[in-house]
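Novice: give the three-dimensional model of this entry:
(chains A and B)
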Protein chains: 2
Amino acid sequence: MSKNVIVIGSGAAGMTAASEAKRCDPSAKVTVITEDEHIAYSPCVIPWALEGKAKWEDIVMHDAAFYKEERDIEVLTKTKVASVSDADKKVVTEDGKEFAYDSLVIATGSTVFIPPVEGKDLKGVFGIKTINDGKAIESALRDAKKVVIAGAGVIGLEAALAFVNIGKEVTVIEMMDQVIPRIADSDMAEPIQKYLEDCDVKIILKAPLQKVCGTDRVTGVVAAGIEYPADLVIFATGVRANLAIPKMLELDIGQLGAVVTAPTMQAYRRGRLVKDVFLAGDVVQCQSAVVAGPTMSQLGSSAVREGLVAGRNAVGGNAVCGPVASPWVSAIGSKQIAGTGMSLGLASWYGLDVATGKAEGLTRARYYPGGKPLTVKVLADRCSRRIIGAQIVSEEDVTGRINWLTAAIIDGTTADDFAVRAENAYCPPTNQVRDVVLAAVDDLLRKL
Amino acid sequence: MSKNVIVIGSGAAGMTAASEAKRCDPSAKVTVITEDEHIAYSPCVIPWALEGKAKWEDIVMHDAAFYKEERDIEVLTKTKVASVSDADKKVVTEDGKEFAYDSLVIATGSTVFIPPVEGKDLKGVFGIKTINDGKAIESALRDAKKVVIAGAGVIGLEAALAFVNIGKEVTVIEMMDQVIPRIADSDMAEPIQKYLEDCDVKIILKAPLQKVCGTDRVTGVVAAGIEYPADLVIFATGVRANLAIPKMLELDIGQLGAVVTAPTMQAYRRGRLVKDVFLAGDVVQCQSAVVAGPTMSQLGSSAVREGLVAGRNAVGGNAVCGPVASPWVSAIGSKQIAGTGMSLGLASWYGLDVATGKAEGLTRARYYPGGKPLTVKVLADRCSRRIIGAQIVSEEDVTGRINWLTAAIIDGTTADDFAVRAENAYCPPTNQVRDVVLAAVDDLLRKL
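Specialist: Residues are numbered from 1 along each chain as shown, chains lettered A, B, ... in the order given. You can find the predicted model right below:
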């Protein structure tokens, strides 16, 4: 008998799960229920869409009609779920419709976390997460000169540069003492900060945002006691899992504020697996590849990876997701910065004693024209000697390298073993004869 | 007491070994003996030097004076070794000087293999390996219009495009039925061939070279019965290990025609380790990471890797080289092709039953402008399900990806495990949300 699969949520996780379920079992009936108007798009591209480098209509990969016609998947947009019961195995929407399911996939994603400061609801204050956020920001930008971005994470910095590129005066306000805090080390984040400052982005560090000023519309913000005028304020202050649906089902919520899942992406309730309920994307917490315990991996790539597993298992498969190192990359103008595993800050939070190795080189042989500076930093835990993190700054070719180091972290590779085993391809126009990644590990071994 | 280290050979392997020995034991006396005039340069760059993109003076990283002054390493250039004895632990040069050693590193490299055809010694016929080869070719090119390159390996193809770019008529003659035979699969080599043909390189396949024509100077070649006129003929037909010194010491030569070494890069004689004699570079054969048995890894990156181990151990260290997948990359005009582990051809030679997965995508998100086509092919052994090879064709960002897949091969990762564990970083300007490498492994799993 054909399976009835309901997916709640239509981002990368939900739409991947829906498509994968249908691919694995073409007889399955797959229905996606989503509050959103736009489905299957990449929120990561919003900064570039605001700059005009990508078009709103292009970044929505597919619409509901496409899914219906091409994949035989029903997508109900702008539809809110009123209740879910796994005892009855049904979903009821706010418009009163009932949907029975054999398997349920919850991919409700996350929402921008806006700190509870005075004035946060004024006109001209935005989060930056959905296409509707993006379009609202785009409209508001027309009459805005001064933009304040709260949060110097990668989205905040990408947006900051986009706004400068379209002629705005941009100030980034960050609570911590560096840009890209938490996931990048200060020495690796520093060249990105300098680059942005050279591009006329004003960056204010160690400045917790205290207040959004204005009566009707926003006129500025106060951070660390100083007022910064603003016609537009954008919160890029991270996201929080959307837990309404998981809470309806009383699923276990983990210590990091997202849903606990098994490697099969199945949910738990009071420590026991919940049959036929799967999750994927920003709504879950993941097993860390570095330490025993959970970590967050609210990334588009993680959403797709988890969506594949949830979708496969929703139609009776037995796929699993391994532990995560959560590699990330950001392109900020001509610069690229990438990281994986733990930063120094995170490692210290986990109580690890860390050694670091670092190497600088080029993306081509030294004598070949056009090579870009390439800096690689690798972190190892002094006790196990395992590689636990890495960061790369360059202008090209960082993603393959960070994925390579990610594999080493996930596989529990020691720095010693990496040095013995790793090989790199070489050609003068594409890299150095000993890749800078290997040189960084050589340096790390001298420090361990 | 300070150690006396003699290194024979001054390429990437020899100079790396010398520098690493000195770095690990600054009290060591390190002497390099070499027949060459130019030391420490990258032969891989010769095609670009001929095109004028790199300068001869730049590609020699350091000269003997640099090594003396900066690293306290004595380099004796243009010095031929007459005899070596490990019973006496001494090296005698042809000019009658004797050098005692505590440790000996043999890094005598390789020489272009020119097939024993009629006319191979005519004027206007060259190998392409040393700076002197390069400079001789450069002089001869001035009066040459038609160039024939024997061998469609990566060096031959890189050179072919370089010659076209400086206005020559170029014909590449290849015995096999594809370009980049042996290390690339025909479907991956095909777009490179097409690109070169679009750039006006004439490529003749299935054409074993039978004869070089001419009386004094070369006038053409005959291949598969057809004569191709040529003012200049370049053999890019692979290299053979230089075994004179290893043979003096009666070191074990392996089935692939190079010296057998332990993971410590120590030599064997009649199956027993030879104390204090190490090797590195093109002169050795390596342990394959894919199958039990030896493989060749005559690459600059391998030379450096082996040189580091040989140099460290020459001063009492205990480093080892792991088995090799021998990743390679070639930049041919705007194209890049890379490979690692086994090609289909090599795998069939080893009797492996192989499944392949392939995916095509872009180097950026689909909706982000400027993405280049990216094709990834991954090979697995059907019996163990391990990833045993991979190839990538694109215009950018191939080296990091091939190194990532190389790590999977070296670590014995199954396709299943790769799919469960691998993660990729994502940002619209740098790649797709599910990297094409992962999509290729997804496809592979459907074929396995």
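
Novice: and residue A:270, how many neighbours does it have?
Specialist: 8 (other CB atoms under 10 Å in any protein chain shown). C-beta coordinates here come from the backbone N, C-alpha and C atoms, glycine included.

Novice: assumed residue A:5 was part of a strand.
Specialist: Yes. Membership of residue A:5 in a strand is supported by DSSP: H, G, I helix; E, B strand; the rest coil.

Novice: hang on, it packs against residue A:19?
Specialist: No. Checked against CB atoms under 8 Å, the pair residue A:5 and residue A:19 is beyond contact range at 11.1 Å.

Novice: compare those two (neighbour count), which wins?
Specialist: Neighbour totals were compared for residue A:5 and residue A:19, and residue A:5 leads with 27 against 22 (other CB under 10 Å).

Novice: gap between residue A:384 and chain B?
Specialist: 17 Å (CB to the nearest CB, to the nearest Å).

Novice: assumed that residue was part of a helix.
Specialist: No. Under three-state DSSP, residue A:384 falls outside any helix and is assigned coil.

Novice: ok, it - how many residues close by?
Specialist: Residue A:384: 13 neighbours (other CB under 10 Å).

Novice: ok, now which ones touch the closest residue to it other than its chain neighbours?
Specialist: Spatial nearest neighbour of residue A:384, excluding adjacent residues (CB to CB, 6 or more residues apart in numbering or on different chains): residue A:414 at 7.0 Å. Shown in contact with residue A:414 (CB atoms under 8 Å, 6 or more residues apart in numbering or on different chains): A:380, A:384, A:385, A:386, A:387.

Novice: let's see 10 Å
Specialist: Counting by CB atoms under 10 Å, 6 or more residues apart in numbering or on different chains, residue A:414 touches A:380, A:381, A:384, A:385, A:386, A:387, A:408, A:420, A:445, A:448.

Novice: quick check, the residue in the stretch 251-400 of chain A closest to chain B?
Specialist: residue A:400 (2.1 Å; CB to the nearest CB).

Novice: if we can go back for a sec, buried only: go through the contacts of residue A:414 for me.
Specialist: A:380, A:381, A:385, A:386, A:387, A:408, A:420, A:445 (16 or more other CB atoms under 10 Å in any protein chain shown).

Novice: pick out the most distant pair among the residues you listed.
Specialist: Farthest pair in the buried ones among the contacts of residue A:414 (CB to CB) is A:381 and A:420. Separation: 18.1 Å.

Novice: which non-adjacent residue is nearest whichever residue of the stretch 1-150 of chain A sits closest to chain B?
Specialist: Among the residues of the stretch 1-150 of chain A, residue A:58 lies closest to chain B, at 3.8 Å counting by CB to the nearest CB. In space, and not counting its chain neighbours, residue A:58 is closest to residue B:367: 3.8 Å by CB to CB, 6+ apart.

Novice: run through the residues that contact the one you found.
Specialist: So residue B:367 contacts A:41-42, A:45, A:48-49, A:53-61, B:428 (CB under 10 Å, 6+ apart).

Novice: what does residue A:229 give?
Specialist: A:145, A:146, A:148, A:169, A:171, A:213, A:218, A:219, A:220, A:221.

Novice: hmm, back to that, so can I have a markdown table of the buried ones among the contacts of residue A:414 showing pLDDT and secondary structure?
Specialist: What follows is the buried ones among the contacts of residue A:414, written out as a markdown table (pLDDT from 0 to 100; DSSP: H, G, I helix; E, B strand; the rest coil):
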| residue | pLDDT | secondary structure |
| --- | --- | --- |
| A:380 | 98 | strand |
| A:381 | 96 | strand |
| A:385 | 97 | coil |
| A:386 | 97 | strand |
| A:387 | 98 | strand |
| A:408 | 97 | helix |
| A:420 | 94 | helix |
| A:445 | 96 | helix |
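
Novice: give me the pLDDT for the residue nearest to residue A:58.
Specialist: pLDDT recorded at residue B:367 is 88.

Novice: and what of the one 4 residues further on?
Specialist: Predicted confidence (pLDDT) for residue B:371: 95.

Novice: any idea how far it is from residue B:365?
Specialist: Remark: distance between residue B:371 and residue B:365 (CB to CB, to the nearest Å) = 7 Å.

Novice: so which elements touch the helix or strand bottoming out on mean pLDDT in chain A?
Specialist: Scoring the helices and strands of chain A by mean pLDDT, DSSP states H and E places helix A:56-59 at the bottom, with a mean of 84. Contacts defined by 3 or more CB pairs under 10 Å, 6 or more residues apart in numbering or on different chains; DSSP states H and E place helix A:56-59 against helix A:46-51, helix A:131-141.
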